[in-house]
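> got a structure for you, letters missing:
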């Protein structure tokens with residue numbers, strides 16, 4: 001405890017000594033631009049020095065709690081009868097969550113958009129950075145996919161808003177928290193949880209209370225975060241970091257050709273623009289954008305639009321359609337129910353240049369792409385220029401020079417390996433068998449990036465968590481960005497009338513006593 005108090009005092013001293021330009025208001029640089037805030041720097045290395053300073057000289061390692069298998073695996077068991085309304089399909093389960101193998105040569109799998117936890121935990125179990133001895137750990141992993149469990153029934157796959165296992169996970173972590181000398185030495189600040197749905201996805205009460213009663217200080221890793229990379233109201237006091245949706249393309253042991261590589265066997269990219277998806281979403285402005293893009297595509301012979309159902313089961317059994325991503329030069333990535341989508345990463349890993357209509361569709365993944373990376377690998381067209389400005393995306397794409405296109409394709413080839421999750425072979429086991437050895441991807445992939453960030457102590461700063469005032473400032477900043485910034489126009493209802501209407505002001509906020517003494521912010 002004395003060590004923690006010294007650490008907190010040191011952190012407070014550092015904060016007070018910062019210059020005005022470096023001060024932080026709710027975790028956001030005062031006076032900083034939206035891009036600067038999005039690109040908050042977290043070094044892409046495992047900081048041994050920092051780790052040793054923070055954790056009493058221990059080298060950085062993580063420990064995965066040994067909880068019951070029904071907590072670790074919340075997908076419906078193989079062979080069970082799924083509801084006809086299921087948002088899940090058993091075809092997603094094989095290959096440690098990568099799904100059924102569809103194209104052996106290129107590593108195309110039937111990967112579910114909500115399979116983040118499955119893909120990352122299988123890698124973490126056999127990582128060389130894992131320890132089975134909790135006393136050696138500098139980070140602790142909660143083996144529970146709070147998002148998927150709250151999204152689908154764990155037996156039938158039917159969509160729901162419940163989380164029965166959340167209560168058990170809460171009891172398990174609470175039992176560990178009684179050990180203040182080991183598991184809860186830092187009050188949960190060195191704990192990590194995964195949410196395989198977006199930060200704004202509604203969750204069941206079991207998950208809400210898990211966050212509010214025991215995991216307030218846990219850092220959350222999700223497929224889509226808030227504009228401030230911090231929790232939305234009623235969740236936690238730490239950062240929520242976005243990591244790539246698992247692409248349908250993965251390296252695996254039997255792969256013959258890396259999908260992003262340019263070789264003599266690569267197909268000619270003779271499709272100017274390719275879109276695979278639906279016209280209908282839950283957001284009116286996303287619908288308007290997609291309809292306009294569809295109309296423009298229909299007037300261009302070299303543009304292909306492959307219509308799919310608006311479904312959370314993704315594109316099922318469409319191998320030939322997915323392989324077209326390797327023949328397309330550009331892949332429009334319009335906003336949908338939210339500002340990003342799995343197909344954005346499908347296109348990047350397949351070497352197709354994404355066309356963004358919200359920079360935050362890609363810039364929020366700051367662990368994996370810098371601001372300059374986003375510019376290098378994509379084309380950005382503001383949504384309002386299409387929806388109300390009369391711009392034609394085909395005309396814009398055709399105006400790019402061959403040299404510009406080649407540069408973007410080269411940039412994609414460089415970064416694509418770190419945007420995909422290599423498949424952990426079944427032979428690697430779960431890392432606990434006697435005589436088992438660590439397994440690694442042949443090159444640095446998305447999982448390696450995530451693990452390095454988990455082991456870097458800068459990821460969990462501020463170690464004391466955010467204050468009530470910090471949280472209020474963050475939530476107000478989130479509202480401001482959502483109401484005014486062009487990256488989030490798709491989620492507003494006033495895009496077409498943006499010049500005539502101003503967003504309605506959000507209500508003032510105040511603090512009330514929350515669950516178990518935890519403050520929560522409510523509308524005044």
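The structure has been received and is ready for your questions. All values reported here derive from a predicted model rather than from experimental measurement.
> point out where this protein drops to low pLDDT.
Flagging of the chain using pLDDT under 70 yields the residue ranges 1-56, 313-314, 494-524.
> grab the most central residue of it for me.
Using CA atoms, centre = their mean, the residue of the chain that lies closest to the mean C-alpha position is residue 223, 2.2 Å off.
> which residues touch that one?
Residues near residue 223 by CB atoms under 8 Å, 6 or more residues apart in numbering: 113-114, 116, 195-198, 242-245. The way it works is simple: take the backbone N, C-alpha and C, and place the C-beta from them, glycine included.
> residue 204 now?
Residue 204 is in contact with 149-150, 160-163, 166, counting by CB under 8 Å, 6+ apart.
> wait, what's in contact with the residue lying closest to it once chain neighbours are set aside?
Distances taken as CB to CB, 6 or more residues apart in numbering place residue 163 nearest to residue 204, at 3.3 Å, with adjacent residues excluded. The neighbourhood of residue 163, defined by CB under 8 Å, 6+ apart, consists of 146, 149-150, 203-207, 210.
> distance between stretch 430-444 and the chain's centre?
Relative to its parent chain, stretch 430-444 has a centroid offset of 24 Å by CA atoms, centre = their mean, to the nearest Å.
> please spell out which residues along it are buried.
Neighbour-count burial for stretch 430-444 flags 431, 439-441 (criterion: 16 or more other CB atoms under 10 Å).
> first-to-last residue distance for that stretch?
20 Å (CA to CA, to the nearest Å).
> identify all contacting residues around that stretch.
By CB under 8 Å, 6+ apart, the residues outside stretch 430-444 that reach it are 123, 125-128, 130, 132, 251, 417-418, 422, 424-425, 428-429, 447-448.
> skipping adjacent residues, who's closest to residue 481 in space?
Nearest non-adjacent residue to residue 481 (CB to CB, 6+ apart): residue 227, at 4.0 Å.
> let's verify the one you found: helix, strand, or coil?
Here residue 227 takes the coil state, with states given by DSSP: H, G, I helix; E, B strand; the rest coil.
> is it in contact with residue 478, as I believe?
Yes - in this structure residue 227 lies within contact range of residue 478 using CB atoms under 8 Å: 5.2 Å.
> in a helix, that's where residue 304 is, yeah?
No - counting by three-state DSSP, residue 304 is not part of a helix but strand.
> nearest residue to it in space, please, no chain neighbours.
Residue 304's closest residue in space is residue 274 (CB to CB, 6+ apart), at 5.0 Å.
> what backbone torsions are found at the one you found?
Dihedral pair for residue 274: phi -140, psi 130, per degrees, to the nearest 10.
> number of nearby residues for the residue lying closest to residue 77 once chain neighbours are set aside?
Nearest residue to residue 77, sequence neighbours excluded (CB to CB, 6+ apart): residue 155, at 7.6 Å. For residue 155, the count of nearby residues is 12 (other CB atoms under 10 Å).
> show me what counts as buried in stretch 101-117.
Under the neighbour-count criterion of 16+ other CB under 10 Å, stretch 101-117 has 101-103, 106-117 buried.
> same deal with stretch 68-80?
Residues of stretch 68-80 classed as buried by neighbour count (16+ other CB under 10 Å): 71-76.
> and those residues, which of them are in helices?
71-72 (DSSP state H).
> need the buried residues of stretch 68-80 in a markdown table with distance to residue 471, can you?
Shown next, in a markdown table, are the buried residues of stretch 68-80 (distance: CB to CB, whole Å):
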| residue | distance to residue 471 |
| --- | --- |
| 71 | 28 |
| 72 | 31 |
| 73 | 33 |
| 74 | 29 |
| 75 | 33 |
| 76 | 36 |
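> residue 269: which of the buried residues of stretch 68-80 is nearest?
residue 75 (35.9 Å; CB to CB).
> please tell me I have it right and that closest one contacts residue 96.
No - if you go by CB under 8 Å, residue 75 and residue 96 don't touch, sitting 11.5 Å apart.
> what is in contact with these two at once?
Common neighbours of residue 75 and residue 96 (CB under 8 Å, 6+ apart) are residue 118.
> host element of residue 207?
In the assignment (DSSP states H and E), residue 207 maps to helix 205-209.
> who does the helix or strand that that helix is followed by pair up with?
Remark: after helix 205-209, the chain's next helix or strand is strand 219-222, criterion DSSP H and E. Paired with strand 219-222 in the same sheet, following DSSP bridges, are strand 191-195 (parallel), strand 240-242 (parallel).
> perfect, I'm done here.
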